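Peer 1: Sequence first, predicted coordinates after that:
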Amino acid sequence: MAPVRRSRVLIVDDSAIVRTMLSNAIKVEPDMEVVGVAADPIVARDLITEHKPDIITLDLEMPRMDGLTFLRELMRSRPLPVVIVSSMTQTGSAATIEALAAGAIDVIAKPGGPYSVADITDQLKYRIRALRTGRAVHFSRIRPMAGATAPPAPSLAHAQGLIVIGASTGGTQAIEGLLMKLPADTPPIAIVQHMPAYFTRAFAARLDRVCPMRVTEAADHMKLERGIAYIAPGDSHLQVVAQNNELVANVIGGERVHYQRPSVDVLFQSVAMLRGVPVVALLLTGMGADGADGMVMLRDAGATTIAEDARSCVVFGMPAAAIQRGGAMHVAARTAMPRLIAQAFESRRAGRAVQTADRHRPAFRLHS
C-alpha cells in the first residue's frame with residue numbers, strides 16, 4: 001500500500017517562539033509536515049509558491065503586512081485553508097472575525113503568552129487531520145451567496161416558532177450569508193457556532209451590523225424574541241427551555257460534547273424536548289459529527305430539518321453525519337435555505353405538517 005501523503009503546513013507568525021513550538025508539535029506527527037515557517041506575509045508569499053502547502057496557520061498582527069490584508073490577497077489569488085491563531089484581546093477578536101468573513105475557515109485562540117502555545121497544538125492537529133482525512137471532508141473556496149441572482153428574502157411575517165442553526169469550520173461566513181437573506185421579522189433564531197470564548201461576542205456584533213434582524217450573544221435567562229438571533233457564548237453550552245409558556249435561553253457549563261463547548265447537539269437536543277413549538281433546524285458546514293444526533297432527535301420530534309449539501313459546504317462533515325444517520329429531511333445549498341424555512345413554517349400554519357402526539361398543547365408566546 002502506498003504511504004498516505006502527509007499534510008503540508010506553513011506557519012506564519014511574527015513570534016519566533018510561536019513558530020518553533022507549533023513547528024515542533026506538528027513535525028513529530030507521521031501524517032503531517034511543516035514545509036515552511038515565515039515571520040511575515042512577504043516571506044510567506046514566496047514559501048507558498050515554492051512549497052504549495054495544504055493548510056496555513058496565520059497570525060494577524062505582523063510586520064510589513066498585516067495578516068488580514070495578506071489573507072484577502074491570498075483568497076483572491078490562491079485560496080487555501082487558513083486557520084487563524086489569534087490573541088483573545090478586543091482588537092484581536094474583532095480582526096479575527098473580519099478574517100473569518102474574508103475566507104479563513106477556523107480560529108484557534110492563543111490562551112496567553114507565547115509559551116502557552118503548547119495548549120493549542122492538539123486543537124491545530126485535530127483541524128489539520130479533519131481537513132485532510134476526515135470522513136466526507138473537502139475544502140472549497142468560500143463562495144458568498146450571490147446577491148445578484150439570489151431570490152428576495154421570503155416573508156416570515158406569519159411564521160411562528162423557532163429556528164436553530166449549528167455550524168463549525170467555515171460556518172461564520174455561512175451563517176452571515178444565510179441571516180442576510182432572512183427578513184428582519186424572522187422568528188427567534190438560536191445559533192451554535194464552534195468558536196472560542198470572547199470571539200463570539202465580536203461575531204455577534206458583526207452580524208448585528210450587517211443582518212436585517214438584531215443579533216446578540218445569548219445570556220442566561222434571556223427570553224427569545226422575534227426578530228433577534230442569539231449566538232451561543234464561546235466556552236458555554238446554549239439550551240432553549242420552556243418557562244411559563246415562553247422560550248428562554250439557558251447558558252450552562254458542563255463537559256465538552258464532541259470536543260466542543262458550545263455544542264450543537266446540546267442545543268438541538270434541548271429544542272427536541274419542547275412541545276407545541278414549530279421548529280426549523282439547519283446544520284451547516286463543519287468538521288466532525290456534532291449536531292447529527294440532535295438532528296435525528298429533532299426530526300423524530302416533528303421539526304423540519306435541513307442539512308447543507310456538499311456543494312456549498314467548506315467542510316462537509318457535520319451535515320454528512322446527519323444525512324447518514326437519517327436526521328435530515330432536506331439536503332440543500334445555502335441559497336435554497338431561506339425558501340425552505342419559509343415553506344416549512346407556512347406548511348405548519350396551513351396545517352399540512354405532520355403533528356406530534358401532543359399537538360393540541362398551546363404554542364409558546366414569542367415576544368414581538
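Peer 2: Yep, that arrived.
Peer 1: Tell me, how many residues neighbour Ala333?
Peer 2: Neighbourhood size, Ala333 [other Cβ atoms under 10 Å]: 14. The C-beta positions use only the backbone N, C-alpha and C, and glycine is treated the same way.
Peer 1: Name every strand pairing with the helix or strand hosting Val85 and say which way it goes.
Peer 2: Using DSSP states H and E, Val85 sits within strand 82-87. When pairing is defined by DSSP bridges, strand 82-87 lines up against strand 55-58 (parallel), strand 106-110 (parallel).
Peer 1: Kindly list the main-chain dihedrals of the closest residue in space to Thr200 that isn't next to it in sequence?
Peer 2: Sequence neighbours aside, Gly234 is the residue nearest to Thr200 in space, at 4.3 Å (criterion: Cβ to Cβ, 6 or more residues apart in numbering). The phi and psi torsions at Gly234 (degrees, to the nearest 10) take the values phi -60, psi 140.
Peer 1: likewise the one 10 residues further on?
Peer 2: With angles defined as degrees, to the nearest 10, Asn244 shows backbone torsions of phi 50, psi 50.
Peer 1: again, but for the one 4 residues further on
Peer 2: Comment: the main-chain dihedrals of Val248 come out as phi -130, psi 140, following degrees, to the nearest 10.
Peer 1: quick one: pLDDT of Tyr115?
Peer 2: Note on Tyr115: pLDDT of 58.
Peer 1: for Arg359, that is, sorry about that
Peer 2: For Arg359, the pLDDT comes out at 38.
Peer 1: same check, this time on Thr133
Peer 2: Looking at Thr133, the pLDDT reads 48.
Peer 1: got the buried residues for the least confident helix or strand in the chain by mean pLDDT?
Peer 2: Taking mean pLDDT, DSSP states H and E as the measure, the chain has helix 121-133 as its least confident helix or strand, at a mean of 81. Across helix 121-133, burial judged by 16 or more other Cβ atoms under 10 Å covers Thr121, Gln123, Leu124, Lys125, Arg127, Ile128, Arg129, Ala130, Leu131, Arg132.
Peer 1: From those, pick the one nearest Thr172.
Peer 2: Nearest to Thr172 among these, counting by Cβ to Cβ, is Arg127 at 14.6 Å.
Peer 1: quick one: contacts for the closest one?
Peer 2: Ile55, Val83, Asp106, Ile108, Thr169, Met287 (Cβ atoms under 8 Å, 6 or more residues apart in numbering).
Peer 1: how does it look with 6 Å?
Peer 2: Residues in contact with Arg127 (Cβ atoms under 6 Å, 6 or more residues apart in numbering) are Val83, Asp106.
Peer 1: and it, how far is that from Leu178?
Peer 2: 23 Å (Cβ to Cβ, to the nearest Å).
Peer 1: Please apply the same query to His237.
Peer 2: His237 is 22 Å from Leu178, by Cβ to Cβ.
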